[in-house]
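*Asks:* Kindly generate the corresponding structure for this input.
(chains A, B, C and D)
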There are 2 protein chains.
Amino acid sequence: MEPIQSSSHFYLENPQNPVFDDEWEPLFQKPLTPSDVGKLNRLVIPKNHAEKYFPLGGGDSGGLLMSFEDESCKRWSFRYSYWNSSQSYVLTKGWSRYVKEKKLHAGDIVLFQRHRPDFGRLFIGWNRRSAAAEEDGGSAGGNERWGTWGLGHPYLEAHVPYQPGCLHADGNPKRLLRLFGVDVECQLDVSEPSTPESSSVSSQCYFIVGIITDSLLYA
Amino acid sequence: MEPIQSSSHFYLENPQNPVFDDEWEPLFQKPLTPSDVGKLNRLVIPKNHAEKYFPLGGGDSGGLLMSFEDESCKRWSFRYSYWNSSQSYVLTKGWSRYVKEKKLHAGDIVLFQRHRPDFGRLFIGWNRRSAAAEEDGGSAGGNERWGTWGLGHPYLEAHVPYQPGCLHADGNPKRLLRLFGVDVECQLDVSEPSTPESSSVSSQCYFIVGIITDSLLYA
DNA sequence: CCTGCTACCTGATGT
DNA sequence: TACATCAGGTAGCAG
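*Replies:* Residues are numbered from 1 along each chain as shown, chains lettered A, B, ... in the order given. Take a look at the predicted model:
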């Protein structure tokens, strides 16, 4: 028996869907190729999506850092750049760590979203490849089917404004989160993001929760 | 019954040969290995030849572009560089296209020449592997035995000074060619070189003709 | 030594 | 048909 599940795919492809939450702007998603999760340590961003949603020109020379939050509030910074030789946009530095932590495999889907009320804030999530091919041995804590927010978890979304200063004032910062009508604290986990990045903090912060066990969903 | 044929090999190895035309400086030639025509997309330049005739250090870091003309006036640009890992000089980018167009196979010979009166101008040609192993099915227009100039075609050589400006003034440039005492026009084919390169044009241009059918040879 | 990353390169594929 | 794209490669360098 599954929770709503419904794979965010459906919603991303159908922005008119009634369950669509217009605070969440789906940018795009990509089914991962073997190369995207292999030793090349890069994710190719399809050109149409890159030019529509990502910074123009890939930062042109030298590329630029793009920062995303994942389903557990962790920040991920990736180098985003344009490869002249292959005429393609890629995420490089940092990407392999994400693949490793999320245990992504070919066929899994990564997705990018933006939260409308905080327009500059970007989020990254993932979906296991369609249940059909499910042969996940379930190694160390990696049995989730998704790591996403908003549309991926239509019943599990919350956001509160960011309290300016909190990040810098406190070594162990927490943010307030309203979840199912209950205020919850969430640790920001600046201590060990695989790609540490404690500097860039926008002046506003909306906050989301992703991975949650089924038991919590039905508690 | 063969035309002079005689493979340029002979002349290249014997600069004192009476047929040697001292306007053509043979640099070197190399019988192609399976790797040279395979998927590695590179031609290894024997170190002694590389260091004697090609730019020093392979351009050191980053390599450099070397530009050659073939028997049909087409310009070929190859990336020339030194691979520290294998301590060898190689032509890389562009090479596979040349192999494909000329239908080169292992055992065939590629040769490099320079035209003395225009010292910077380099030429590349080829010879089919010795006639013994001739089993060329003769796919689409690929039945020639050589693609070279000067020595390779001792009776079929001509050159005229280049008219400066012609290339830039005219969308469909032609050069004058004196062949068997007759002036001929030759299209420069800037429209579709596999490695397009319409910029670098030296101030002088000597011009040659390569591939010609036997019937024309004996006309 | 090995690993990750940058910046190249190319063939296959789809349009 | 040519062209654009991208999946799958490479070399070289830094750590």
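*Asks:* Tell me if stretch A:59-66 is near DNA strand C.
*Replies:* Yes: counting by CB under 7 Å from any atom of the strand, DNA strand C is contacted by stretch A:59-66 at A:62-63. Where C-beta positions appear, they are placed from N, C-alpha and C, glycine not excepted.
*Asks:* who are the neighbours in contact with A:Leu65?
*Replies:* Taking CB atoms under 8 Å, 6 or more residues apart in numbering or on different chains, we find A:Leu65 in contact with A:77-80.
*Asks:* one more time with 7 Å
*Replies:* Listed by CB atoms under 7 Å, 6 or more residues apart in numbering or on different chains, the contact set of A:Leu65 reads A:77, A:79.
*Asks:* following the strand or helix carrying it, which helix or strand shows up next?
*Replies:* Using DSSP states H and E, A:Leu65 sits in strand A:64-69. Using DSSP H and E, the helix or strand that follows strand A:64-69 in sequence is strand A:75-83.
*Asks:* what's that next one packed up against?
*Replies:* With contacts taken as 3 or more CB pairs under 7 Å, 6 or more residues apart in numbering or on different chains; DSSP states H and E, strand A:75-83 sits against strand A:64-69, strand A:88-91.
*Asks:* buried residues in that strand?
*Replies:* A:75-82 (16 or more other CB atoms under 10 Å in any protein chain shown).
*Asks:* Which secondary structure state does A:Ser96 sit in?
*Replies:* helix (DSSP: H, G, I helix; E, B strand; the rest coil).
*Asks:* Quick check: it touching A:Asn41?
*Replies:* Yes: between A:Ser96 and A:Asn41 a contact is recorded at 4.2 Å, counting by CB atoms under 7 Å.
*Asks:* just to revisit the earlier point, got the angle for the strand holding A:Leu65 vs strand A:75-83?
*Replies:* 150 degrees (axes from the mean of the first three to the mean of the last three CA atoms, to 10 degrees).
*Asks:* Now strand A:64-69: average pLDDT?
*Replies:* The average pLDDT within strand A:64-69 is 94.
*Asks:* Need the CA coordinates for the strand or helix carrying A:Trp126. PDB is fine.
*Replies:* Using DSSP H and E, the element containing A:Trp126 is strand A:122-127. Extracted in PDB, the C-alpha atoms of strand A:122-127 (Å, rounded to 0.1, in the frame of the first residue of the first chain):
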ATOM      1  CA  LEU A 122      16.200  26.600  -5.800                       C
ATOM      2  CA  PHE A 123      15.500  23.000  -4.700                       C
ATOM      3  CA  ILE A 124      16.800  19.700  -6.000                       C
ATOM      4  CA  GLY A 125      15.000  16.400  -5.500                       C
ATOM      5  CA  TRP A 126      15.000  12.900  -6.900                       C
ATOM      6  CA  ASN A 127      12.700  10.000  -7.600                       C
END
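*Asks:* Measure how it sits relative to strand A:75-83, angle-wise.
*Replies:* 90 degrees.
*Asks:* Now do the buried residues in strand A:122-127.
*Replies:* A:122-127.
*Asks:* Next SSE downstream of it?
*Replies:* Trace forward from strand A:122-127 with DSSP H and E and the next one is strand A:146-147.
*Asks:* sorry, back to before: need the buried residues of strand A:75-83 in TSV with pLDDT and distance to DNA strand C, can you?
*Replies:* Below are the buried residues of strand A:75-83 laid out as TSV (pLDDT from 0 to 100; distance: CB to the nearest atom of the strand, whole Å):
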residue	pLDDT	distance to DNA strand C
A:Arg75	94	15
A:Trp76	95	11
A:Ser77	95	10
A:Phe78	96	9
A:Arg79	94	4
A:Tyr80	96	10
A:Ser81	95	5
A:Tyr82	94	9
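*Asks:* Which of the three states applies to A:Phe112?
*Replies:* Applying three-state DSSP: A:Phe112 is strand.
*Asks:* which non-adjacent residue is nearest it?
*Replies:* What sits nearest to A:Phe112 in space, not counting adjacent residues and going by CB to CB, 6 or more residues apart in numbering or on different chains, is A:Leu27, at 4.2 Å.
*Asks:* Give me the neighbour count for that neighbour.
*Replies:* 17 (other CB atoms under 10 Å in any protein chain shown).
*Asks:* Please apply the same query to A:Ser35.
*Replies:* Residues lying near A:Ser35 (other CB under 10 Å) number 13.
*Asks:* just A:His115 next, same as before
*Replies:* Neighbour count for A:His115, taken as other CB under 10 Å: 23.
*Asks:* Who does it form a beta bridge with?
*Replies:* A:Trp24 (DSSP bridges).
*Asks:* so who does it touch?
*Replies:* A:23-24, A:121, A:123, A:206.
*Asks:* near DNA strand C, which residues of chain A?
*Replies:* A:39-42, A:62-63, A:79, A:81, A:83-86, A:92-97.
*Asks:* Just the buried ones from these, in ChimeraX syntax?
*Replies:* Buried subset of the residues of chain A next to DNA strand C, written as a ChimeraX selection, criterion 16+ other CB under 10 Å:
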select /A:41,42,63,79,81,92,93,94,95,96,97
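*Asks:* follow-up on the earlier one: make sure I have this right: the residue nearest to A:Phe112 is in a strand.
*Replies:* Yes: assigned with three-state DSSP, A:Leu27 falls within a strand.
*Asks:* list the contacts for it?
*Replies:* A:53, A:112-114.
*Asks:* okay, these in JSON lines with distance to B:Gly107, pLDDT and neighbour count next?
*Replies:* Compiled in JSON lines, the contacts of A:Leu27 are given as follows (distance: CB to CB, whole Å; pLDDT from 0 to 100; neighbours: other CB atoms under 10 Å in any protein chain shown):
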{"residue": "A:Tyr53", "distance to B:Gly107": "52", "pLDDT": "94", "neighbour count": "15"}
{"residue": "A:Phe112", "distance to B:Gly107": "52", "pLDDT": "95", "neighbour count": "21"}
{"residue": "A:Gln113", "distance to B:Gly107": "58", "pLDDT": "93", "neighbour count": "26"}
{"residue": "A:Arg114", "distance to B:Gly107": "59", "pLDDT": "90", "neighbour count": "18"}
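*Asks:* So A:Trp95 is in contact with A:Arg42, correct?
*Replies:* Yes: with contact defined as CB under 7 Å, A:Trp95 counts as touching A:Arg42 (5.9 Å).
*Asks:* what does chain A put close to DNA strand D?
*Replies:* So far as CB under 7 Å from any atom of the strand goes, chain A lies against DNA strand D at A:33-36, A:38, A:40, A:44, A:46-48, A:86-88.
*Asks:* picking up where we left off before, next one: the residue nearest to A:Phe112 from A:Asn41, what distance?
*Replies:* Distance from A:Leu27 to A:Asn41, counting by CB to CB, to the nearest Å: 22 Å.
*Asks:* A:Thr33 now?
*Replies:* Counting by CB to CB, the gap from A:Thr33 to A:Asn41 is 13 Å.
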